[in-house]
Each structure stands twice: as structure tokens, then as C-alpha cells.
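> got a predicted model here, sequence first, then my questions.
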Amino acid sequence: MSRVHVTCTINGDPAEFLCDGGQTLLDALRDEVGLTGAKEGCGTGDCGACSIVMDGRLLCSCLVLAPEADGRNISTVEGMATGDDLHPLQQCFLEGAALQCGVCTPGFLVAAKALLDRNPDPTETEIRYGLAGNLCRCTGYDKIVRAVQAAAETINES
Amino acid sequence: MTVTESKPSYKYVGTRPVRHDGLEKVTGRARFAADLNMSGQLHGIVVRSPHAHARIVSIDTSDAEAMDGVKAVITGDDFPAVDPSHRQYDMCINVIARDKVLYEGHAVAAVAASTRDQAQAAAAAVKVEYEVLPAVLTIDQAMAPGAPLLHAHMMTAGANPPAEEPSNISNVTRFSGGELDAGFAEADLVIEREFTTQPVHQGYIEPHACVADTGQDGHTTIWCSSQGHFNVRSSTATLLGWENSRIRVIPAEIGGGFGGKTTIYLEPLAVALSAKAGRPVKMVMTRDEVFRATGPAPGTKLRIKLGVKSDGDLVAGDAYLIYTNGAYAGPGGLLGAMTVFESYKIPNFEIEALDVVINTARSAAYRAPAAPLTAYAMETMLDEIAEELGIDPIDFRIQNAVTEGDPSTMGFPFARIGFVECLEAVRDHPNYKAPLGPNQGRGVAAGYWFNIGESSSATVNLNEDGTATVVTGSPDIGGSRASMALMAAEELGIDVYDIRPVVGDTEAVGFTDVTEGSRATFATGMAVVEACRRMVVELRGRAAKMMGVDVDDIDWMDGQAVYTGSDGEKAPLSVAEITAKAKRTGGPLTATGSLEAHGAGPGFAVHLCDLEVDPETGVVRVVRYTASQDAGTAIHPSYVEGQIQGGVAQGVGWALNEEYIYDSDGVMENPSFLDYRVPVASDLPMIDAIIVEVPNPAHPYGVRGVGETGIVPPIPAVANAIYDATGCRIRDLPMSPIRVLDAITSNGGSNGS
Amino acid sequence: MAVRVHLSSNLRGPTGGVAEVEADGSTVGALIDDLDRRYPGLGDALRAGVSVVIDGLLIAHPEYEPLADGAQVYFVPQTAGG
Ligand code: FES
Ligand code: FES
């Protein structure tokens, strides 16, 4: 089977890769591009561990075909920090112990950033519904929600 | 969130530093097993049984072997035969079936090919001929006279008189104390209730994954996600008939386990494929495979009878517990028997517990195995009794709670425990008296778990600049690296951020048992403390040399060697000053600690759940939750709270939604997170975690394991709250909307029995 | 070394249901040997996955654990965990 050539922007940089027509964007990011921050928890759009942002929209990359990424602008967890400055969400997750095993963390960070980009001052309920597509089996969500609240405050103060 | 402040006597223990492995985990750089790729690697896929119970007549791999890209195909025949009397027989025939498959999803063969697609196509081309056997899918079917046998030679262990015929009952456990009949005769109130529960999955977000690279020299390296890489090594060696020394296991980061990664599934298959192909082989389960072929916690049928005097003293308890451990013998019933009456003073009791095999996936441990279910039964019955007697439910529990010196079910007297303190913490919390809205109810429940010790090893290496590396053999599932660093910082007097906690592979650190039984911070922490104390002895000796004084005149204080002799003043020496001269005083500074940890302190927890029931739909929404737990001493309070909060979320899911659903042939019908619904953020409120600290006398810092106990009380706390809101007692799990609605409509919401 | 032995109820078959017995031994292993002499069959039961509690300490693999004169030894089933 001949492979598809995809040209796109990933975390601000031009990128290109070859993929199979039926390959998911998640697999292409992990196996072809080498960005393994997005995880596969289910492969069916139910856990959010594979969350990425494509052209401003939060998506489960396990539900996107890799060739669809052609010409698009993709952000993953690897692009959240700027140089040696962590994004406030990353900082607040660390300080608030909002991760235990950490496998859901990349997905939560990407989804939370998409949430705050859309709604810079969400209520607790808005955070909980905004992150309802992401599963965490370790934390009970308490510290994740608090970390997002703290990050929103930090961002709004600066 | 209530916070227990750090102990005044400790500088580091009890503080909340950012975890050392945190940065990697928030930047996506942490390497979980599925993130690893080796050059030249193949992809392995498992061929699984579509039948719940069948004899394997033949397996033809020739078509598969001839396909593009296929480099190896293996079946049970590629592994040495294993005798049924072998201690790990069940594990061996579970990893790959030999003559029979015992559940849908049971592995029968595996294929390695250049790409995943090729491997998948080849797996589909493996021809397995089955003789389908009648499947046994419920406890009743398994125990019915003439039931089809899963294991032709299974004789009930523990039966008295000894079993003469094989059956599907693997084990019976009996405990008793006092005089049961006399106890019930004394009682003013006797109630008897029955409960049923379904298997549930641990639901870790990371599916099982590994890479194995077997060289032509017959040695292999495995990278994998597990709760214990030494166990992966020994179990893989057992299956392959190899020596342990031929296998090196390097732990990847682990994306949740909760007990489900205390056993193995893929690793021996990957090693065998890799050996055959001469290339590294990567295997990653799909979520569907995780549900069908790994770890459910047991389903149960429970019947309990309790007798109580009108003054509130429990006087008699009779329990008949049946656990299904899936297709193999398991410890569910034994652990149920050991936990059911353990938290309360019940002078007269009898417990009989059965373990039954059925044609579903082999059970694996799940956080405080068996205990959440016995708690469901016991704690909802205590709630009924308290109401009947007109006693506050917490006061009733305090009146009957075990305290230091009271005998356990097994007879031994409890050491210092914090059950009453946990009850009081919840009773005194504002949540206990907060007003409730319409259709809302409040439930309280307690939980107990033993915790375990087992073997751990640690090595402390001081670096040339006075910083330190602490290597242990315990995979870090929920922040244990930070706990190890905190204890080492406290012992050595080195800043916690100057200590690098590392999880060493099987060739880099001494043997360490699986991270289970809430043992990592307890037992591995003890090994770290032991290693540090040896290091301090060494440091004092080096300092004595440098000062030219007797070592007995050197004390270790605040990270410095301090001269306490009478021969004038001498400047204290810091760790950095001593390590800088290490070459001249005897060489590198390294110390190890290895031990079998005794005295794991039992953990108690008490939960308070406020919820709202929609009378139209039966949907239950938890609106407020408070949980206390005795941690002994919280080394890193944030991660203790996290364990409590995570246990609550899992317990609430177990109570309200989670269950395995099978069709009449034993095929799982809900093997996805869409149909097997675990709680999401919008299902839960904040969870107020109260850390109670009643130090464990057996641990240098008083630690009790905290990983498991938190999942024990939620099910009965939710059930009691549903009763408070609706007047309905629901005695079957899950308490799904349909069941709640049924209960409300059939009871008219008016009575609970 | 006279020791007071307490058997959890599932281990009392060989003693005819008796919960507490006296036996001798300077270690738990020696104690089990002595118990087996006094109550044939008890040794096997105690060697198969049994822990002890001594002075409030749960010890999972106690064979060589030393015993003091007058010690109270509780034999209990071994536990597991998640
Ligand atoms: S892996 Fe994409 S949603 Fe789970
Ligand atoms: S931290 Fe483990 S799944 Fe979220």
C-alpha cells in the first residue's frame, strides 16, 4: 500500500510525515512523528488520553485519520511549555499533585488548556463538564479541578 | 479539604514537595510501556478464544506463518508443560491456554509481524478448532449438582470432611468464635440480609503493554508496565522454564494498576515471539482486550445475619459468603471472611466463605480485594440496626468498634489502630450536620484493610557533590518516589530536591515484591530508612577520620557530622564536605537496606456521602463527600489525599454504574469505556479528605499503607445515602438508575425492608 | 521455650477445635515442629501459607523468627492485596 504524505504544523513548527491511509492521527503522532505524549487509553473516543488540538478544536486523535491532518495546525502536550517556562496549567498540576500515575495527565492538560482558551474564568461545574471527556482513574478529579482553577487564576492575574 | 500539618518534629516528612518525576509527566516526556520502541521491532498480537468454555481440538498456524511480514507464531505448545500441582499453574495456563479455554478472550496463540496490521491479519488467519463445552456463568450454575466442571481435578481445599468429588468450589474458609446460638439467643434484634454483586474492572487508563528483546544468547530484556518487575521476571521465567538470571525487566512508568498489574499477561508471549523471530517484539493490548482478558474483581453472593442487644452491643454474627474468582481458584472468599466482621467487636460469630470458579476472565486483585463487598453488606446492615435502635450511626459504630487489644476475627489482639479516631473525625466534621435538600440523603460507612509488608530493597548512593540517589525496586504508581525522597531527606538531612528517587530495574536493585497491599511507602520506605541509617554510620566514620577523632564522639545532626567530644571545638562537616573527600577516607559512599517488613498496620476509613436521587429517573448524583482515613503518618499528605479521593471515585463508580455484562454464552457485552461507564469529573463533587494520623508503631515514621482502604467504604456509604433519600434499601450492585427507580416504584419509597 | 499458641479457627482441625495450646520452640519453625508432634497434621497446615502475629507484629514468613519464653503466638492466614 502506498503511503500518504502529510504536511502540517505541529506545536508551531512545520512538520511532515508518511502514514497509512487508515492510520489514526494518534498512531501517526506516536509512531511516525515520535510524539508519544498523547496516549491511547481506549482507541474509541471514550477516555480523552489522546487529546490534541487541531485548528483550535479539541479532538480525540484516536478518532481522526492521519491524512486529515494535512494542512492543519496541531498542538499536543509537548508544545505546551515555552522554552523552560511551563504553562501555568502544568505548573499548577505539579504543585497541586493533580497527577498520580500520570498517564491521563497529557490529555487533561490539553483539554484544560482548550477549556481555558475558550472560557478563561470557568466555574467548578464548567470545569467538571469541560473535562468530562477525559477519564482519570487515580485522582477522583478533586486535585485536577483545583489545579485548573488555580491555573485560571494565575493566567487571569498575569 | 482538611490538611494535617507537617509534624513539628520533622523537617521534610509531612511536607508537600513537587514530585520528582512530575516534570516528565506534565510535559509528555515520561515513558510508559507503550511509548517505547526498539530498532527492528515487531508487533505482537494475541489470538483469543471466542468461546467461554471449549476444548482446543487443533491449532493450525501454517496459513498465518506464510503471510507477509509474519516472523513468528506461537501456541501453548511453545511453552513447557506445567503440572497442575505447580504453585503458579493457574497463572501459566491463563497466560496461554493449553488444552482448554476457560473464558471468552483466553489467549490461545500469538503472532509477531513487521507491522501491527500484518500481525492482526495473521492472527485472524490462525485456525483454531474448538469443541464448545457448556459454559458456567453464575455462582448458582457453578454450584448446581452435575454442573460442568472447569477443572476436572479441582477438589475443594479446606473442606471438612475432605472433598471426595471434584467441583467448581475451589476453596472453603471457616472462622468462628464464641457460641453462635447463645449469641443470637441474647440478641434483642436479629436481622438477616442477602446481597449480590457483579465483577468490576480496575479500569486503569493505560492498557497492558511490553517490549521484549531476546538475544541469540538466550537472555532477554523486557520493558513493561507492572506493579512489580521482579514478579514479571519470576513469572515469565516460570512460564518459559528459564532461570531468572536470563531475564532483565526494566520498569516503564505505570499508568495505573490498582491490583490489576500484580500479575502478568503479555510478557512471556512477547519473549517467546522475540526468541523465535530473533527481533524485539512489542505488544500492546486494546481496551477491548483489557476488559475481556484481564483483571476483574470478583462478583459475589453474600448472606449475613446479625444479632444486637437493645443497648446497641453487637452480640452475634453469621456470614455465608460466596465469591467468584473467574475461571481459576482465587482468594476472594478467604479475604471476605477475614474482613467481614473484622472492624467490630462481635463475641459470637461464624463465617463460611466459598470460592467458586466460572467461565469468565481470571480475577485479579483490586484495591483491598474482597473488602468493599463485605463492607457493602455489613455497613448497610449496621445502618439498618442503628436506625431501628434509634442510635446515631456513628455513635453505634464507635460503641462496637475494635480498638487496641480487641481480638480480630483471626484471634490476635489489634495493635494501636485509628478506627475510632476516623469515626470521630467524620462525626465532628461540619458535613455531618450540614442541611440536606429535597431528594437528598446522607450515608455513613466504615472500611478496613489489613495492608501487607513483604520484601523491599533500597540503595542510597551519595554523589560527589553531596546530593543523593535513592534506588528502590517499587514501581511508582501514585507518587511513592516523592515519599522515598522525603524519608531519605529526613534521615540524611539533605534537601528533598537534592535527592533523586529512582525505580531500579531487576539488575540494578535488590529483590522487591510487587507494589500491592499498600506496601510501597510502608515497606520500601523502611528499606530506604535502613539504607540511610547505615549511610549515616558510614558518614560518621568518615567524618571521624577527617577530624581525627573517635567515631563515638560524632553525632549526626541536621545533615552534619557534629563533634561532641571534649577535645575542643571542631567545625561540623556537611555531607558535601564528606563526599568531597570520599576518595581519601575509604571510597564511594553507598549503602543498602533490604528487609522483609513486619507489622504493616491495619488501615481504617470512614466515609460520609451526601447525594441526590432524581425520583423521575432514578439517577443518583453525589453532591458532597467527606472521607477520613488513618494514614499512620502522612509522608506526603497530597498523595495520601489523592489515594483517598481516588478510592472514593472508584468506589462510587462500583456502587452506581460499573459491572460486567455477559450474554448467555459468556461473551462480554460491554467491553468499552462507553458501555462500562467509570465516573468522570462531572459525576463527582470535591472530595474532602481528612487524614487521621495514629502512627503505626512498627514503622520508623509511623506509616500505614493508604492505597487500598479508601475504596472499602464508598459502596455502603452510597447505599445508605440512597436509603436516606428514598427509603429504599438496594442490596444488589450496581445501584444503577433502573434499579433505583424500580426500588422507588415498588417500595413506594416508604419502607426499607 | 514454652510458648502460648493461638490458632485461628480455620486451623483448629488437628487440635480437635481447641483454640489455645502450649508448645515449645526457640523459633517459629521449631514451634511448628513441636506442634506437629503434639497434633499430627497441624505442621502441614501451619507451613502452608500461614503468617503469625507476635507482640502485635504481623510476620508473613516467620519460620526463623526467634521466640522468647512465654511468648504469645497467633497463627493466621496469609493475606494478599491490590
Ligand atoms: S484513546 Fe482516544 S479517547 Fe481514548
Ligand atoms: S493520574 Fe492515573 S489515570 Fe489520572
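That came through fine. Ligands and ions are numbered 1, 2, ... in the order given.

> which non-adjacent residue is nearest B:Tyr328?
The shortest distance from B:Tyr328 to any non-neighbouring residue, by Cβ to Cβ, 6 or more residues apart in numbering or on different chains, is to B:Asp90 (4.1 Å). In short, each C-beta sits where N, CA and C put it, glycine included.

> now that neighbour: phi and psi?
phi -60, psi -50 (degrees, to the nearest 10).

> count of residues packed around it?
B:Asp90: 23 surrounding residues under other Cβ atoms under 10 Å in any protein chain shown.

> how about the one 10 residues further on?
Under the neighbour criterion other Cβ under 10 Å, B:Lys100 is assigned a count of 19.

> what does stretch B:392-407 rub up against?
Outside stretch B:392-407, the residues that touch it by Cβ atoms under 8 Å, 6 or more residues apart in numbering or on different chains are B:177, B:312-314, B:342-346, B:382-383, B:385-387, B:389, B:391, B:408, B:413-417, B:419-420, B:423-424, B:426-427, B:432, B:444, B:446, B:606, B:720.

> circling back: list the contacts of the residue nearest to B:Tyr328.
Contacts of B:Asp90 by Cβ under 8 Å, 6+ apart are B:328-329, B:362.

> could you pick out the buried ones from those residues?
Among these, those classed as buried by 16 or more other Cβ atoms under 10 Å in any protein chain shown are B:328-329, B:362.

> ok, then the element right after the helix ranked longest in chain B?
Longest helix in chain B, counting residues (DSSP state H): helix B:525-547. Counting by DSSP states H and E, the element after helix B:525-547 in chain order, helix or strand, is strand B:554-557.

> who touches that next one?
Residues contacting strand B:554-557 (Cβ under 8 Å, 6+ apart): B:493, B:536, B:539-540, B:543-544, B:547, B:561-564, B:572.

> find the centremost residue of chain A, please.
For chain A, the residue nearest the mean C-alpha position is A:Val110 (2.9 Å; Cα atoms, centre = their mean).

> list the contacts of it.
Under the criterion of Cβ under 8 Å, 6+ apart, the neighbours of A:Val110 are A:38, A:51-53, A:58, A:75-77, A:80.

> make sure it is indeed in a helix.
Yes - the assignment for A:Val110 by DSSP: H, G, I helix; E, B strand; the rest coil puts it in a helix.

> how close does it get to A:Thr44?
18 Å (Cβ to Cβ, to the nearest Å).

> what do you get for B:Ala544?
The gap separating B:Ala544 from A:Thr44 is 65 Å, by Cβ to Cβ.

> who has more neighbours out of those two?
The neighbour comparison of B:Ala544 against A:Thr44 (other Cβ under 10 Å) goes to B:Ala544, with 20 against 16.

> so which strand or helix has the spatially closest residue to B:Arg29 that is not a sequence neighbour?
Once flanking residues are discounted, B:Arg29 sits nearest to A:Gly37: 7.4 Å by Cβ to Cβ, 6+ apart. A:Gly37 belongs to no helix or strand when assigned by DSSP H and E.

> I figured A:Gly37 hits A:Val77, correct?
Yes - at 4.0 Å, A:Gly37 counts as touching A:Val77 under the criterion of Cβ atoms under 8 Å.
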